[in-house]
Every structure is written in structure tokens, then in C-alpha cells.
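Student: 3D, please:
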Amino acid sequence: MALTKISRGLLNTGVSDNSDATAITISSTEDVTLANHLVIADDKELRLGNSSDVTFKHHNSGYGHLQNTGLLYIDAETISLRTDNSSIGERVHINSAGSVGIGMTPFTGQTGYSLQLGGTSQTFISIHNNTTGNTVNDGFSLGNDASNVYLTNRENTPMIFSTNNAERMKIDASGHITPGADGTQDLGTNSKRWRNVFSADLQLSNVDTGGNDVDGSEGSWTIQEGENDLFIINRKNGKKYKFSLEEIE
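Tutor: Have a look, this model is predicted:
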């Protein structure tokens with residue numbers, strides 16, 4: 001029903017509660033169409049539901065407020081959240097497939113990309129908690145720019161990598177890398193080998209592993225390089241040896 005004016009039969013005025021000086025109730029079994037804007041003053045609410053389950057409000061401090069007592073459903077083919085009151089100010093885009101784009105419209109050419117982030121020259125996710133602080137130099141971040149991909153712990157704490165709900169590798173705050181458990185994990189396999197290993201001194205130890213496959217003993221050795229020779233130090237008794245090398249060319 002389109003109303004050009006409100007008649008007495010449809011308008012009841014009175015005090016509905018202590019906070020409303022002139023509450024207006026429109027009772028109709030048909031649709032009500034407004035030919036112009038519905039204007040509600042600052043700090044006054046638009047209430048929906050028998051118990052005011054959903055309320056909309058604009059505060060005089062300049063921000064809006066949507067409140068719901070239970071689940072809030074927004075049902076649309078595409079949902080766009082914008083800022084700056086601009087058509088180019090879209091910040092979040094949810095398409096009909098449920099993919100969420102932050103800073104971008106999510107692409108649909110590949111499946112499984114449910115959350116997508118886009119920026120200008122660089123894009124980062126920053127994660128904080130109540131002990132890390134919340135500045136650009138706090139917490140954990142991951143992202144990329146035109147040249148690199150970054151995975152950064154900005155705290156003086158280790159980074160732990162896990163699979164199957166178990167720690168597999170740790171990088172401590174000084175950059176040292178350790179396995180998740182002692183003597184249980186390999187670096188490479190017979191069919192997936194690292195091409196070269198570059199290191200300074202080579203530390204070798206099978207202590208507490210049950211011994212070697214030749215005489216069953218356990219040892220701890222360090223191989224070091226000299227200008228013309230290779231040296232090996234027995235870390236259990238302190239004795240030092242030199243490899244006997246034969247020049248072939």
C-alpha cells in the first residue's frame with residue numbers, strides 16, 4: 001500500500017517506553033511504500049522485530065551501529081563492503097561462490113582459493129596477540145612484493161613448523177635450525193637429494209643412537225679444513241688427526 005499521507009486509522013501515537021517520547025506504530029497487512037527518504041535523527045534507532053531484535057543506529061560521533069540479538073543473515077548474490085563513500089572504495093568482496101577478496105575482486109578461474117588478498121606494490125597479513133604489541137614491527141607477518149615473498153616473525157621467539165600435529169622443524173630467534181626430535185628426521189632421500197651441501201666445519205655424532213653398523217661404537221667428530229689438508233678431531237677424547245690425501249692432478 002502506497003501512502004501519500006498517514007491517516008488516523010493507521011497511525012497511533014503514544015509513549016511506548018521511557019526512552020521514546022513519541023513512538024509511532026504503523027499497523028497494516030499490506031506493504032507500506034515511502035515516496036521519499038526515511039530520516040532518523042542521530043542516536044535514534046530503527047528497530048526490527050517484535051523484540052527489537054535488529055537495530056540500526058547512527059551515533060552523533062559519526063559512526064553507524066548494526067546490532068542483532070542472534071544470527072545475522074545477509075543474503076545476496078554478491079556482497080561488497082566499501083569505505084570512503086566511493087564506488088572505487090571496495091575493500092571486501094564476497095562472490096556467489098563464497099570466495100572472499102580483500103582489496104580485490106576474487107578470481108574464479110581456479111577452485112580452492114577461498115580467501116584472496118590484493119594490494120598495490122605489496123600485500124601483507126599481520127597477526128598479533130595481547131603480548132606481541134600491534135605495530136608494524138610486532139607479531140608475525142606474511143606477504144609479498146614485486147621481488148620477494150616474506151614469512152617474518154618480528155618477535156624474539158622461535159618459528160615452529162609442524163605436520164601431523166607434531167613439531168618437525170624449529171628456527172630459533174638466533175636463526176639456528178633444529179629438527180623436531182633428535183635423530184628421527186632426514187634431510188633428503190635416496191631419490192630426492194640435495195645437489196650440494198655448503199658448510200663450514202662438519203660436526204658428526206652418533207652418540208645415543210645405538211652405535212654404527214661396523215663395530216657398534218658411538219663417536220663424536222669434527223672435520224675442519226686447512227689450507228693444504230683436512231683435519232678431524234675426536235670430540236670424545238680430544239685427539240686430532242690429519243687425513244692422508246693423495247694428489248691425482
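
Student: Identify the residues contacting the nearest residue to D172 once chain neighbours are set aside.
Tutor: The shortest distance from D172 to any non-neighbouring residue, by CB to CB, 6 or more residues apart in numbering, is to P158 (4.5 Å). (C-beta placed from N, C-alpha, C; glycine too.) Residues in contact with P158 (CB atoms under 8 Å, 6 or more residues apart in numbering) are K170, I171, D172, A173.

Student: who's in contact with the helix or strand hosting the first one?
Tutor: Same thing as K170. Here K170, judged by DSSP states H and E, is contained in strand 166-171. Contact with strand 166-171 is made by P158, M159, I160, F161, S162, I177, T178, P179, G180, A181, Q185, as judged by CB under 8 Å, 6+ apart.

Student: Looking at the third one now. What's its pLDDT?
Tutor: So the one you mean is I160. Reported pLDDT at I160 in the predicted model: 97.

Student: for the one 4 residues further on, same thing?
Tutor: Model confidence at N164, expressed as pLDDT, equals 97.

Student: and if you look at the one 5 residues further on?
Tutor: In the predicted model, M169 carries a pLDDT score of 97.

Student: so what's it bridging to?
Tutor: F161, P179 (DSSP bridges).

Student: ok, it to G238 distance?
Tutor: Remark: distance between M169 and G238 (CB to CB, to the nearest Å) = 32 Å.

Student: Name the residue in these two with the higher neighbour count.
Tutor: M169 (14 against 7; other CB atoms under 10 Å).

Student: Quick check: that one vs I177, distance?
Tutor: Relative to I177, and taking CB to CB, M169 is found at 7 Å.

Student: Could you double-check that D208 lies in contact with S220?
Tutor: No. Counting by CB atoms under 8 Å, D208 sits too far from S220 to count as a contact (10.3 Å).

Student: ok, the two, which is more surrounded?
Tutor: Remark: of D208 and S220, S220 carries more neighbours, 14 against 9, as counted by other CB under 10 Å.

Student: so who does that one touch?
Tutor: Applying CB under 8 Å, 6+ apart, the residues contacting S220 are L204, S205, N206, V207, N234, R235, K236.

Student: so which pair among those residues is furthest apart in space?
Tutor: Spatially, the most separated pair among the contacts of S220 is N206 and N234, at 13.1 Å (CB to CB).

Student: Overlap in contacts, these two.
Tutor: Any residue near both N206 and N234 by CB under 8 Å, 6+ apart counts here, and that gives G219, S220.

Student: residue ranges with poor pLDDT in the protein?
Tutor: Scanning the chain with the threshold set as pLDDT under 70 gives 1-28, 85-88.

Student: how is it carved up into domains?
Tutor: Residue ranges for the domains of the chain, per automatic domain parsing: 1-39, 123-179, 202-242.

Student: For those domains, could you give me a markdown table that also reports distance to D84?
Tutor: Below are those laid out as a markdown table (distance: least, CB to CB, whole Å):
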| stretch | distance to D84 |
| --- | --- |
| domain 1-39 | 22 |
| domain 123-179 | 19 |
| domain 202-242 | 58 |
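
Student: Out of those domains, flag the one nearest S191.
Tutor: domain 123-179 (19.7 Å).

Student: how far does that closest one stretch from start to finish?
Tutor: Domain 123-179 has an end-to-end distance of 31 Å (criterion: CA to CA, to the nearest Å).

Student: One more: stretch 210-217?
Tutor: Per CA to CA, stretch 210-217 runs 8 Å from first to last residue.

Student: for stretch 104-116, same thing?
Tutor: Termini of stretch 104-116 sit 8 Å apart (CA to CA).

Student: Could you do stretch 91-107 as well?
Tutor: 15 Å.

Student: And for stretch 89-102?
Tutor: 12 Å.

Student: Can you tell me which of the contacts of P158 is nearest T135?
Tutor: A173 (18.5 Å).

Student: residues near the closest residue to that closest one other than its chain neighbours, how many?
Tutor: In space, and not counting its chain neighbours, A173 is closest to N156: 4.8 Å by CB to CB, 6+ apart. N156: 8 surrounding residues under other CB under 10 Å.
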